[in-house]
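Engineer: fold the following and give me the result.
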Amino acid sequence: MGRNQGKKKEKIKCATHLPVSALAFQPGSSTVAPPIHTIKVKKLKAINHGFKVTDSSFHSDVNAAAISAFTWKETNLSDSQMDAVWDRVHQSESAGWDQGYIDSFVNRDQLPPDNDPELPKAKGKGDKAMHEWMKHIDVYLSALITLEGRGQPSASPNCVRCRIPDHEGKYRCLGCDNLGLICQDCMLSTHQHMPFHRIESWNGVYFLRSSLNPTWGDDFVVIDSDQIHTVGLDYCGCGATSKGQVEQLLECRLYPATVVNPKTAATFRVLELFELLQYESKLSTYEFYQTVSRLTDNTGLHIPKDRYPTLLRIVHQWRHLKLLKRTGRGHDPVRGALGTHPGECALLCPACLHVGINLPDGWENAPRDSKYLYALNIALDACFRMKRKDCSSEEADPGLSRGFAYVVEETAFQEYLKKHDKETKPKSQGYASSGIATVECSQHNSKRPLAVCDTQRGERYCNMDYITLLSLQLCLLQMFLISYDIACQWFINLFMRLAQIDPSGPSSATGR
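Structural biologist: Residues are numbered from 1 along each chain as shown. Sure, this is the predicted structure:
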């Protein structure tokens, strides 16, 4: 519904259903026709001072004689009648309604609302949508109670799909549309490619949790977004493929928990859902697993097998794979994922200066008084609130990103600290780390690659020197502006200390 203005001819399009009793269009009338059957849909097209009405569809449930007796023709309207039509059109256009939403009101001979009832209520006005809902609360409550049982009282006990008399409808799927209860054969045939839907069976009094697996004793566990399934699983062994168990599961979008003879898997869907939930709501893995476990059985009578430690390991691996995938490490046939260079997976600050990306040609030949324009601004600091308990080890919980992104490679870092035992005070009792130290872009607050490390106790020079040198090694600029709250004392003998760490580092090349 709209109107084109300007040099082009004025047009108006309006779709509505004409009642049987109304055999002529009366735009100036304020009478609302009673809700009766419709005979056709009409469209209005403005022509000079009137508009032409054309027919677009017929309805078979209307008397054909009434349809044939009605003749569509060009109708000349007065200015007042045209104004009445435009008021009706602009009423909906000003609210920004979709055409289908407008037609839903016009078809009932009603005007669309002035504003969206679902938008936040204006100050001083009530929540109209909530007040309207309260008038229909019994309808909602009745629907919830009805769905707890077999449905409407008049529902047939037979399967609503095959309608075979001796096939009792006793199964329903909570993941499919509620089309009624179906028999076991129909449930299995309709879910051949949907094995992780939630199935329930009617026992005559209430619904029980059921399964598509005819042999309930199989012990393969699948963690999905709404249930922990126990299913029967058979791998392909016909010789048509040489792929192993892990590859076959991954092709089905199932992430195996182990490499050898897996007995548990998580769907890709649940891993993607939890990843976004954790980013947006800071949801812990334990809380998420308990939620899925309660969706499986909220009574505590049939608690599913505990796969929380398994999900922790899967999530850890999934995040690491996403890191490698998003940084292009899956397209290197020579080095592979384990051959990733230090800091290669770190996301560089997009607003900082990068050689070959956002620097002009000849920037390195800039005069001394303007070299600061092509300098990297970094800041050093440490946080002693981010402590880590001494409750694990590299053998018990090995890290996957070994210096690939922002955190330094642990083995080399520990070897470096052994050379500075005299500078490093003893660790805090019960803590493997008393905090973390970082080097970041001071202008945009973006972490530098290989610029995060643990502190043992205090903000020691050896820790700050190490991450500063590693961060600058990956930068091809010639000048660095460093901000540090104790820079006046830390700067003393800085280049000598950096040269001891790496004689070929940036300090030896620039000397400043």
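Engineer: name the helix or strand for Ser104, please.
Structural biologist: helix 99-106 (DSSP states H and E).
Engineer: so where's the longest helix in the chain?
Structural biologist: helix 308-326 (DSSP state H).
Engineer: so what touches it?
Structural biologist: 223, 255, 257, 264, 266, 271, 274-275, 285-286, 289, 330, 337, 340, 345, 400-401, 404-405 (Cβ atoms under 8 Å, 6 or more residues apart in numbering). Glycine gets a C-beta too; all of them are placed from N, C-alpha and C.
Engineer: go again with 7 Å.
Structural biologist: The contact list for helix 308-326 (Cβ atoms under 7 Å, 6 or more residues apart in numbering) reads 223, 255, 257, 264, 266, 271, 274, 285-286, 289, 330, 337, 345, 400-401, 405.
Engineer: low-confidence ranges, the stretch 301-450 of the chain, go.
Structural biologist: Where the stretch 301-450 of the chain drops to pLDDT under 70, the residues are 423-428.
Engineer: which residues in it form strands?
Structural biologist: 375-383, 388-389, 431-433, 435-441, 446-455 (DSSP state E, counting those that start in this stretch).
Engineer: partner strands of the second one, parallel or antiparallel?
Structural biologist: Here strand 388-389 has these sheet partners by DSSP bridges: strand 431-433 (antiparallel).
Engineer: need the residues that contact the strand it pairs with.
Structural biologist: By Cβ under 7 Å, 6+ apart, strand 431-433 touches 387-390, 454-455.
Engineer: ok, 10 Å please
Structural biologist: 384, 386-393, 427, 453-457 (Cβ atoms under 10 Å, 6 or more residues apart in numbering).
Engineer: what's the farthest-apart pair in the residues you listed?
Structural biologist: Spatial extent of the contacts of strand 431-433 (Cβ to Cβ) is set by the pair Phe384 and Ser393 at 22.8 Å.
Engineer: compare these two and say which is more crowded by neighbours.
Structural biologist: Neighbour comparison, Phe384 and Ser393: the larger count goes to Phe384, with 15 against 9 (by other Cβ atoms under 10 Å).
Engineer: shouldn't the more buried one be in contact with Asp454?
Structural biologist: No - using Cβ atoms under 10 Å, Phe384 is not in contact with Asp454, being 11.2 Å away.
Engineer: mind listing the shared neighbours of these two?
Structural biologist: Here Phe384 and Asp454 share the contacting residues 433-437, scored by Cβ under 10 Å, 6+ apart.
Engineer: follow-up on the earlier one: just the buried ones from the contacts of helix 308-326, in ChimeraX syntax?
Structural biologist: Listed next is the ChimeraX selection for buried residues among the contacts of helix 308-326, using 16 or more other Cβ atoms under 10 Å:
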select :223,255,257,264,266,271,274,285,289,345,405
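Engineer: residues near the closest residue to Ala346 other than its chain neighbours, how many?
Structural biologist: Excluding the flanking residues, the one nearest Ala346 by Cβ to Cβ, 6 or more residues apart in numbering is Pro449, at 3.6 Å. Counted with other Cβ under 10 Å, the neighbours of Pro449 add up to 24.
Engineer: separation between Pro449 and Gly149?
Structural biologist: 61 Å (Cβ to Cβ, to the nearest Å).
Engineer: centre of the chain to stretch 469-482, how far?
Structural biologist: Taking Cα atoms, centre = their mean, to the nearest Å, one finds the center of stretch 469-482 at 37 Å from the center of the full chain.
Engineer: and that stretch, end to end?
Structural biologist: 12 Å (Cα to Cα, to the nearest Å).
Engineer: how about stretch 382-390?
Structural biologist: Terminal-residue distance, stretch 382-390 (Cα to Cα): 19 Å.
Engineer: show me what counts as buried in that stretch.
Structural biologist: 382, 387.
Engineer: got the contact list for Phe340?
Structural biologist: You called it Phe, but residue 340 is Thr. 323-324, 327, 329, 332, 401-405.
Engineer: quick one on the thing from earlier: okay, the strands of the stretch 301-450 of the chain in TSV with distance to Asp177 next?
Structural biologist: Output for the strands of the stretch 301-450 of the chain, formatted as TSV (distance: least, Cβ to Cβ, whole Å):
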stretch	distance to Asp177
strand 375-383	52
strand 388-389	50
strand 431-433	53
strand 435-441	51
strand 446-455	48
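Engineer: for Ser210, which of those is the nearest?
Structural biologist: Closest to Ser210 of the strands of the stretch 301-450 of the chain is strand 388-389 (Cβ to Cβ; 44.2 Å).
Engineer: so Trp490 makes contact with Ala437?
Structural biologist: No - Trp490 is not in contact with Ala437 according to Cβ under 10 Å; the separation is 11.9 Å.
Engineer: so which of these two has more stuff around it?
Structural biologist: The residue with more neighbours, out of Trp490 and Ala437, is Ala437; 21 against 18, by other Cβ under 10 Å.
Engineer: the nearest residue in space to Met479 that is not next to it in sequence and Thr468, how far apart?
Structural biologist: In this structure, Met479 finds its nearest non-sequential neighbour in Ala375, 3.9 Å apart by Cβ to Cβ, 6+ apart. Using Cβ to Cβ, Ala375 is found at 15 Å from Thr468.
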